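>>> Dropping the sequence and predicted coords here.
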Number of protein chains: 2
Amino acid sequence: MPQGQPVAVPNDGLSTRARRNAPLLAVHTGPGKGKSTAAFGMALRAWNAGLDVAVFQFVKSAKWKVGEETAFGHLGRLHAELGVGGAVEWHKMGSGWSWSRKTGSEDDHAAAAADGWAEIARRLAEQRHDFYVLDEFTYPLKWGWVATEEVVEVLGNRLGRQHVVITGRDAPQPLLDAADLVTEMTKIKHPMDAGRKGQRGIEW
Amino acid sequence: MPQGQPVAVPNDGLSTRARRNAPLLAVHTGPGKGKSTAAFGMALRAWNAGLDVAVFQFVKSAKWKVGEETAFGHLGRLHAELGVGGAVEWHKMGSGWSWSRKTGSEDDHAAAAADGWAEIARRLAEQRHDFYVLDEFTYPLKWGWVATEEVVEVLGNRLGRQHVVITGRDAPQPLLDAADLVTEMTKIKHPMDAGRKGQRGIEW
């Protein structure tokens, strides 16, 4: 429900306004569906509020394009052409990030993930965007391709009002500790358990 | 992850194609954030696939407008004007549904909820839409304003390929039993616990 009231007002010396404007670090984790979908839903809301949105998908293949990428492409054009909503950028790790001149780097996912994080850290330092989605970013952390301690430090020291949403299973504990909002998606029942297959418009 | 494989192929006499095309009944429940946000994220994906999307918000006040409603308004116009994506309708219960001539019915939420469900049942019978979001619909069920048994029966008998996503806490067990996909959102940590307030672009 919207406009909830805090259960307690902290003694942190901040005004209500300052507290309201505090940037959010959210983590969607757990084995259930909806982690990325909810993050893209949040990005939709942020876009509507005029925030500059950037999505970084830490997935192995660039061949895979989720429906949200196309939809956000439309939203980005609405912004560029009509000034509606916020700007949108969408980047994918597979076969090289869009800013990278290295292509065909699919073989070295660890290096690609580290490169992706380095770029995000640069953008955070420049306060380039307002709302970042680091989709499936828990996996490079889990596999040691990116150092969790560094991520926590960079996120903790980020300037301005940059919101960050990180998705993926098995989020490391230091990241959960650093987050303001942690939601665990739990699978209660899934159609694939009943032998059903994914379908367009639902699964992608 | 997309394109998952079913763990077993059921002995239900259906072809893979028929099983793939089976309409989905999904329920997002639990006390955590992301239930509605993930449903709207799914609707975004459905829109992108050209599905006809209809959202029904069972909330008490029509004064409240989430950012998603505005964003989907833009998407609906993209469809109407450029043929991109699918059609979008967005209906709210508070102060009377858009199809209802009764206004100022805010005082009788129970009647308004029953009216909303009756309209949805009619539309399901007519196969009016491809993708329905019944946002916060578990509350009218919980409060007995709408009979859960009737909802389960109507949903179970719906024709064609109409996907339905229902959100809200405390989903009744018969609805969970009838659902193909149930995800429980569990709150691990929430910024309001730390005394922070909601903010535009994040909470609405």
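It's in. What you are looking at is a predicted structure, and each value in this text was computed from that prediction instead of being measured.

>>> any idea which strand is longest in chain A?
strand A:181-189 (DSSP state E).

>>> Can you list the strands that the helix or strand hosting residue A:165 pairs with?
Using DSSP states H and E, residue A:165 falls within strand A:163-167. Looking at strand A:163-167 with DSSP bridges, its partner strands are strand A:25-29 (parallel), strand A:131-135 (parallel).

>>> What lies in contact with it?
Contact with strand A:163-167 is made by A:23-29, A:35-36, A:39, A:42-43, A:46, A:51, A:124, A:130-138, A:155, A:158, A:175, A:179, B:201-202, as judged by C-beta atoms under 8 Å, 6 or more residues apart in numbering or on different chains. All C-beta spots, glycine's among them, are computed from the backbone N, C-alpha and C.

>>> rounded to a whole number, what's the mean pLDDT of that strand?
Strand A:163-167 shows a mean pLDDT of 98 in the predicted model.

>>> And for stretch A:109-126?
When pLDDT is averaged over stretch A:109-126, the result is 95.

>>> Report the distance from it to the chain centre.
With C-alpha atoms, centre = their mean, to the nearest Å as the basis, stretch A:109-126 stands 13 Å off its chain's centre.

>>> Give the buried residues for it.
Residues of stretch A:109-126 classed as buried by neighbour count (16 or more other C-beta atoms under 10 Å in any protein chain shown): A:109, A:112-113, A:115-117, A:119-121, A:123-124.

>>> And the contacts of it?
Here stretch A:109-126 makes contact (C-beta under 8 Å, 6+ apart) with A:54, A:56, A:58, A:60, A:91, A:93-94, A:96-97, A:99-100, A:102, A:105-106, A:129, A:132, A:134, A:137, A:140, A:143, A:145-146, A:151, A:154-155, A:158-159, A:162, A:164.

>>> Go through those residues and flag which are in strands.
In strands, judged by DSSP E, the following of those are found: A:54, A:56, A:91, A:132, A:134, A:164.

>>> beta partners for the fourth one?
Which is residue A:132. When bridges are called by DSSP bridges, residue A:132 pairs up with residue A:54, residue A:164.

>>> residues contacting it?
Here residue A:132 is in contact with A:54-56, A:120, A:123-124, A:162-165 (C-beta under 8 Å, 6+ apart).

>>> Neighbour-wise, which one of the residues you listed leads?
Most neighbours among the contacts of residue A:132, by other C-beta atoms under 10 Å in any protein chain shown: residue A:165, with 27 neighbours.

>>> before we move on, back to that, so which of the ones in strands among the contacts of stretch A:109-126 comes closest to chain B?
Taking C-beta to the nearest C-beta as the measure, chain B sits nearest to residue A:164 out of these, at 11.4 Å.

>>> Among the contacts of stretch A:109-126, name the ones in helices.
In helices, defined here by DSSP state H, the members of those are A:140, A:151, A:154-155.

>>> Surely residue A:87 and residue A:79 touch.
Yes - applying C-beta atoms under 8 Å, one finds residue A:87 in contact with residue A:79, separated by 5.3 Å.

>>> coming back round to it: chain B: which of the contacts of residue A:132 is nearest?
residue A:163 (6.4 Å).

>>> Tell me the spacing between the closest one and residue B:53.
26 Å (C-beta to C-beta, to the nearest Å).

>>> Next: residue A:58.
Applying C-beta to C-beta, the value for residue A:58 to residue B:53 is 29 Å.

>>> Residue A:143: neighbour count?
Neighbours around residue A:143, by other C-beta under 10 Å: 11.

>>> need the contact list for it.
So residue A:143 contacts residue A:110 (C-beta under 8 Å, 6+ apart).
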